[in-house]
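Colleague: Could you work out the structure for the sequence below:
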Amino acid sequence: MTETGTSGRRAAGAAALVVLFDIGGVLAPFEGLADLRRLTGESEADAATRWLRSPTVRSFESGACDELAFARGVIAEWGFELSPEQFLEQFRGWLGDPYPGADALVCETASRARVGCLSNTNGLQWRERISRWPLTARFQERLLSFELGAVKPDREIFTRALARLEVPAESVLLLDDNEHNVAGARAAGMRAEQALGVGGARAALVGHGLVAPG
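Modeller: I've put the predicted structure just below:
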């Protein structure tokens, strides 16, 4: 990239009013992929795509069904040889604690823009894990799929998120680990970058002129 191109990108990025972080895969590890790989025999990439598209998962993460219905649906849909209780016990551990440096990166970003999260998640993981992290107190905007009634990468969740934020789509930058979600955000008019972990998120934010290199 030329110097002019870099400056242009940073100037555009610096105008972002809101930076939205995905949670699993960006600020904290989604450790369920290893379990899905073991249970299905699929690659992590294929399991992740299948999980994202699963009707049962989409229903749960949009707040349309309870935990027991979710567990029964996943077991039936995926053919797992587990009881609903056994599956939910495993599922509780699928999201790990925040990566080192996640809290500091969110704080640094907050000095330049409004910060928040836009994440596919559910009431169980939010209540038992995510809401207990000190990191979540840093978010000025909390946009959660189970509260919005829609999931990424559907256009509807981005439309509802923008209505909550009350800013133009081009003023929002989403950092997400999943390429389908990035494409969905861009289709809705947002700026979006694929970011794997804290290092990937920092690199994307550096590219938009919002934080200093680590």
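Colleague: Okay, strands next: where are they in this protein?
Modeller: Along the chain, the segments classed as strands by DSSP state E run 18-21, 114-119, 141-144, 172-176, 191-194.
Colleague: ranking these by burial, who's on top?
Modeller: Comparing the strands of the chain by mean neighbour count (mean count of other C-beta atoms under 10 Å), strand 172-176 comes out on top with a mean of 28. Backbone N, C-alpha and C define where each C-beta goes, glycine included.
Colleague: Quick one, which of the strands of the chain gets closest to Arg202.
Modeller: strand 172-176 (9.6 Å; C-beta to C-beta).
Colleague: What helices and strands are in contact with that closest one?
Modeller: With contacts defined as 3 or more C-beta pairs under 8 Å, 6 or more residues apart in numbering; DSSP states H and E, strand 172-176 has these neighbours: strand 18-21, helix 155-165, helix 179-187, strand 191-194, helix 197-207.
Colleague: just to revisit the earlier point, now the strands of the chain in TSV, with mean pLDDT?
Modeller: Below are these laid out as TSV (pLDDT from 0 to 100):
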stretch	mean pLDDT
strand 18-21	98
strand 114-119	98
strand 141-144	97
strand 172-176	98
strand 191-194	98
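Colleague: can you redo these as CSV with distance to Thr49?
Modeller: Below are those laid out as CSV (distance: least, C-beta to C-beta, whole Å):
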stretch, distance to Thr49
strand 18-21, 21
strand 114-119, 18
strand 141-144, 22
strand 172-176, 14
strand 191-194, 14
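Colleague: Which one of the ones you listed lies nearest to Arg160?
Modeller: Of all these, strand 141-144 comes closest under C-beta to C-beta, at 8.1 Å.
Colleague: Report the beta-bridge partner residues of the closest residue to Phe139 other than its chain neighbours.
Modeller: Leaving out its chain neighbours, the residue that sits closest to Phe139 by C-beta to C-beta, 6 or more residues apart in numbering is Gly116, at 4.8 Å. Beta-bridge partners for Gly116, by DSSP bridges, are Leu20, Glu141.
Colleague: Hmm, Arg164 is touching Leu143, no?
Modeller: Yes - under the criterion of C-beta atoms under 8 Å, Arg164 makes contact with Leu143 at 6.3 Å.
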